[in-house]
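Novice: below is the sequence, then the predicted model.
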Amino acid sequence: MNHLQLPGQTKATNKPRAQVALAPRHGLMDWIRKMNDTPNISGTNGKLLNVTEEELAKHNKKTDCWIAIAGSVYNITPYLDYHPGGVDEIMRGAGIDATTLFQEIHSWVNYGSMLEKCLVGRLISKQPQKDTLSAKGKSLPTRLRFDFRQPDTKSLTLFIYTTCMTLTVDKVFVEIENSKKITILVFIDGFVHTIAIELLELVTNDFHVQISSTNRGQIEIDLKKQTDQMWKSIGKFSSNHLSICPIQDFEPLYFNVTLIKRTPVAHDSDWYTFSLPSNIFMVPPIGYHIRLRRGIDGLVVVKPYTVIDKLNEEDKSLPEHTIELLIKHYTDRTMTPMLQKLPIGNTIEMSSYEGTFDAVRIDMCQTLILIAAGTGLTPMLRILNYANKQSHNTILLFFNKTQKDILCRDELQTMSEKHKLTVHNILSRPESDWTGETGYIRGELLHRLLPIPPSKTNITDTLVCVCGPIPFSKLAIELLKEHGYNDSHLHLFLA
């Protein structure tokens, strides 16, 4: 295997530590055997939990010891006596987020493999990631590690090692440019990590991306060489290789996609299906958006759109590697009239995805409240599909002008009959035959249609998502806070 080293560690990250005499049969190999031979060593019966800081703090004893490192929580109780630095040393991190402590003492240790079977789940912080990282001057996260292997003369596998034990493939974006340059974006905890390599030789666009089945923090990308030969090296690293950037500051990558279908869903809205090129791997996470870009009359016009799924998941007639968007047309705008006229089979530029929503918040909650106005329904579509698999109690408040403006009305009705979903359609310009709710978003309406807000200390049982025009969204947030919800319960979708 060809191993590519990172820049040398500083003295601050390689502090010497005292060694203690371990009991017989308590060495590294003994620990590995114990970890592999002990069922349920994590104590969770194989389930991955969402762990709050309050819950983590309860497990701070030698007989019940949890520790958090880089967003992952581990039950290290069975490991204490195997720690080369001694029990007292490792107990410094008991019941807390010990990421900084770990990096100061032995950042070189691959704890993801060392404690893989001890994984309890993911640490959930009270504050949004952007507040806890940059506001107090905390450093950037640890750089990813990279390696590669040539199983034979025809193939090549890239390995990217992260410290995120809850990594999923939708957080990985891959582009192969001209069969020669590969760019990999990895989205972890509010940051974009970039792997960028000018390959030694040409590869095909037939590649496969997956998360390792034995190490949840390891990304594997299988490539096929165009020429049957062993490479002497991987090639040359680009200037942005191993770079890290906050997601809100990252400039997305653009590539051409092909319009393959356009279907009317309302009098002023169409459902668009675009086909990704073969050199792109992109599965946008729930709640994320892309941008469409087009040169029109000498101007470059860019517009963000949320990636969606059909509410009827049984419809699998569309080909793979597609991106779907629900777009409302405005005659007085620039982008949407062009999209309406774009011929099927023509291309337009699309960006890599952006966003901050974390689906783990859906996993944690028991009550899910969705408040949308018009095309603000778009991020809610995938949230509904995801939440219904978990039998959440879900309430949708959907604001529109008239009945003909209600998007996906039949699909939402069908879904409400099959799942724990309550849909309230509220119209500001109702027809004479309308018998449902009327008016605009207001405090009285929220008090009447929504459940009693949870206590201030209960930050996970209820999630409220809001999306719509900016004035609507701002007013909704103000009214929700007046009603008793706080920032830990709320997520506002803004593109």
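Specialist: All right, it came through fine.
Novice: residues in contact with the top strand by length along the chain?
Specialist: Counting residues, the longest strand in the chain under DSSP state E turns out to be strand 254-266. Applying C-beta atoms under 8 Å, 6 or more residues apart in numbering, the contact partners of strand 254-266 are 175, 270-277, 279-280, 291, 293, 318-319, 322-323, 326, 328, 342-352, 404-408. For the C-beta atoms, the positions are set from N, CA and C on the backbone; glycine is no exception.
Novice: list buried residues within those residues.
Specialist: Buried by 16 or more other C-beta atoms under 10 Å: 175, 270-276, 279-280, 291, 293, 323, 326, 328, 348, 350-352, 405-408, out of the contacts of strand 254-266.
Novice: which residues of the stretch 301-450 of the chain fall in helices?
Specialist: Taking DSSP state H, counting those that start in this stretch, the helices of the stretch 301-450 of the chain run over residues 335-341, 360-364, 378-388, 409-418, 443-449.
Novice: so how far is stretch 413-421 off the chain centroid?
Specialist: Relative to its chain's centre, stretch 413-421 lies at 26 Å (C-alpha atoms, centre = their mean, to the nearest Å).
Novice: what's the average pLDDT for that stretch?
Specialist: Regarding stretch 413-421, the rounded mean pLDDT is 91.
Novice: now swap in stretch 379-399 and tell me
Specialist: 91.
Novice: try stretch 457-471
Specialist: The model assigns stretch 457-471 a mean pLDDT of 88.
Novice: and stretch 209-223, by the same measure?
Specialist: Stretch 209-223 carries an average pLDDT of 92.
Novice: buried sites along that stretch?
Specialist: Buried residues in stretch 209-223, counted by 16+ other C-beta under 10 Å: Val209, Ile211, Asn215, Arg216, Gly217, Gln218, Ile219, Glu220, Ile221, Leu223.
Novice: could you pull out the strands for the stretch 251-400 of the chain?
Specialist: With DSSP state E, counting those that start in this stretch as the criterion, the stretch 251-400 of the chain has strands at 254-266, 269-275, 280-281, 289-296, 299-308, 322-328, 347-351, 367-373, 393-400.
Novice: of these, which is nearest Ile234?
Specialist: Closest of these to Ile234 is strand 280-281, at 18.7 Å (criterion: C-beta to C-beta).
Novice: what sits up against the closest one?
Specialist: Applying C-beta under 8 Å, 6+ apart, the external contacts of strand 280-281 come out as Val172, Phe173, Val174, Glu175, Phe207, Val209, Phe255, His321.
Novice: partner strands of it, with direction?
Specialist: Strand 280-281 pairs in its sheet with strand 172-177 (antiparallel), by DSSP bridges.
Novice: what average pLDDT does the strand it pairs with get?
Specialist: Averaging pLDDT along strand 172-177 gives 97.
Novice: what's the angle from it to strand 254-266?
Specialist: 120 degrees (axes from the mean of the first three to the mean of the last three C-alpha atoms, to 10 degrees).
Novice: list the buried residues for strand 172-177?
Specialist: Here strand 172-177 shows Val172, Phe173, Val174, Glu175, Ile176 as buried, counting by 16+ other C-beta under 10 Å.
Novice: rewinding a little: buried ones in the longest strand of the chain, by neighbour count?
Specialist: Residues of strand 254-266 classed as buried: Tyr254, Phe255, Val257, Thr258, Leu259, Arg262, Ala266 (neighbour count, 16+ other C-beta under 10 Å).
Novice: partners of that strand, with directions?
Specialist: strand 269-275 (antiparallel), strand 347-351 (antiparallel).
Novice: low-confidence bits of the stretch 301-450 of the chain, can you list those?
Specialist: 312-320 (pLDDT under 70).
Novice: if you compare the helices of the stretch 301-450 of the chain, which one is most tucked away?
Specialist: Across those, averaging neighbours per residue (mean count of other C-beta atoms under 10 Å) puts helix 378-388 on top, at a mean of 23.
Novice: tell me which other helices or strands that helix touches.
Specialist: Applying 3 or more C-beta pairs under 8 Å, 6 or more residues apart in numbering; DSSP states H and E, one finds that helix 378-388 contacts strand 299-308, strand 322-328, helix 360-364, strand 367-373, strand 393-400, helix 409-418, strand 462-467.
Novice: nearest to Ala68, out of those?
Specialist: helix 360-364 (14.3 Å).
Novice: so Ile221 sits against His208, correct?
Specialist: Yes: counting by C-beta atoms under 8 Å, Ile221 does reach His208; the two are 7.2 Å apart.
Novice: quick one, strands of the stretch 51-200 of the chain?
Specialist: So, for the stretch 51-200 of the chain - with DSSP E, counting those that start in this stretch - the strands run 60-61, 64-69, 72-75, 119-124, 145-152, 155-161, 172-177, 181-188, 191-199.
Novice: ranking these by burial, who's on top?
Specialist: Neighbour counts (mean count of other C-beta under 10 Å) averaged over each of the strands of the stretch 51-200 of the chain peak at strand 72-75, with a mean of 26.
Novice: mind giving me the packing neighbours of that one?
Specialist: Partner elements for strand 72-75 (3+ C-beta pairs under 8 Å, 6+ apart): strand 64-69, strand 119-124.
Novice: if we use 10 Å, what do you get?
Specialist: Here strand 72-75 touches strand 49-52, strand 64-69, helix 111-114, strand 119-124, going by 3 or more C-beta pairs under 10 Å, 6 or more residues apart in numbering; DSSP states H and E.
Novice: would you mind putting those into CSV with mean pLDDT alongside?
Specialist: Formatted as CSV, the helices and strands packed on strand 72-75 follow (pLDDT from 0 to 100):
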stretch, mean pLDDT
strand 49-52, 86
strand 64-69, 92
helix 111-114, 70
strand 119-124, 85
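Novice: closest one to Asp487 among those?
Specialist: Taking the helices and strands packed on strand 72-75 one by one with C-beta to C-beta, strand 119-124 is closest: 14.0 Å.
Novice: show me what the closest one pairs with in its sheet, parallel or antiparallel.
Specialist: By DSSP bridges, strand 119-124 pairs with strand 49-52 (parallel), strand 72-75 (antiparallel).
Novice: quick one: that strand to strand 64-69, angle?
Specialist: Using the same axes, to 10 degrees: strand 119-124 against strand 64-69 is 60 degrees.
Novice: got a list of what Ile348 touches?
Specialist: 256-259, 272, 274, 292-294, 335, 338-339, 342 (C-beta atoms under 10 Å, 6 or more residues apart in numbering).
Novice: no, scratch that, I was asking about Ile69
Specialist: 76, 93, 97-103, 109, 111-112, 115, 123, 163, 165.
Novice: for the helices of the stretch 301-450 of the chain, which one sits closest to Leu49?
Specialist: Among the helices of the stretch 301-450 of the chain, if distance is taken as C-beta to C-beta, the winner is helix 360-364, at 9.3 Å.
Novice: give me the helices and strands touching the closest one, please.
Specialist: Checking 3+ C-beta pairs under 10 Å, 6+ apart, helix 360-364 ends up next to strand 49-52, strand 119-124, helix 378-388, strand 462-467.
Novice: which residues does it contact?
Specialist: Residues outside helix 360-364 that contact it (C-beta under 10 Å, 6+ apart): 48-52, 121-122, 124, 166, 286-287, 358, 368, 383, 386-387, 389-390, 392, 394, 459-463, 465, 488-489, 491.
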